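S.K.: Return atomic coordinates for the entry below.
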Amino acid sequence: MQPLGPSAVNAESIDVWVVSHGGVASNALCDHMEKNGIRTRPENYGLICHKQHPGTRIGKPILVIHGDYLDAIKSMDRRKFLTANAAKMCLGINAPEIPLSRFIQSFPKDPVGFSMFLESFKMAKKNGTDNIAFLRYPYTNDEAVQALQSIDVDLDMTGFALRERKKKYSPRSKDVKSILETYADFDFKE
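M.R.: From the prediction side, this is the model:
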């Protein structure tokens, strides 16, 4: 379990802040960036990788990966990250012990926090708070390069490929089924 700790972004410890709602291969891209000398993983990466934009300047380029929302929910549920990621996106804290039913009750229109999370970056970009690019999953290497170049980050994508999403279908709890229904028509426009 990730220890409690600072959830502020330390701009000195990163070159790019890569964030996502989870379930969209952001770790694979971070691994590739790190291998190419681009720092994306500070010590508190687990606490900030699904965090909303704080509304104040970070001062580093930000890449927001999003998309494939229903399969992302299924992926996070399968890997037992759904409640932890919901806590990070909705509340900005690492609290995987909060049951999904509490998020459904407290945030009935956005129980996982997709909209809150993405809108925070949309507003920060619109307001010119930070240099932010959105990258919709699944993406091609060319799309990733274009998104990164738009925030002045050059990355050689040689050797990188998104792997096919695992399609292990396991039984879903009634809470996860409810969440999937809530997001059935969800789409975010940058």
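
S.K.: least trustworthy helix or strand in this structure by mean pLDDT?
M.R.: When the helices and strands of the chain are scored by mean pLDDT, DSSP states H and E, helix 45-48 comes last with a mean of 90.

S.K.: by contact count, what packs against the helix or strand that contains L148?
M.R.: Using DSSP states H and E, L148 sits in helix 141-150. Helix 141-150 sits against strand 132-136, with contacts defined as 3 or more C-beta pairs under 8 Å, 6 or more residues apart in numbering; DSSP states H and E. All C-beta spots, glycine's among them, are computed from the backbone N, C-alpha and C.

S.K.: Would you map the helices across the protein?
M.R.: Using DSSP state H, the helices of the chain run over 26-35, 45-48, 69-78, 82-91, 100-106, 114-126, 141-150, 174-182.

S.K.: right, so the ones you listed: which one is the most enclosed?
M.R.: Counting by mean count of other C-beta atoms under 10 Å, helix 82-91 has the highest mean neighbour count of those, with a mean of 24.

S.K.: Are there helices or strands packed against that helix, and which ones?
M.R.: By 3+ C-beta pairs under 8 Å, 6+ apart, helix 82-91 packs against helix 69-78, helix 100-106, helix 114-126.

S.K.: What is the burial count for R172?
M.R.: 15 (other C-beta atoms under 10 Å).

S.K.: Kindly apply the preceding question to V153 instead.
M.R.: Using other C-beta under 10 Å, V153 is surrounded by 18 other residues.

S.K.: and what of D130?
M.R.: By the measure other C-beta under 10 Å, the count of residues near D130 is 20.

S.K.: again, but for the one 3 residues further on
M.R.: Each residue near A133 was counted by other C-beta under 10 Å, and the total is 22.
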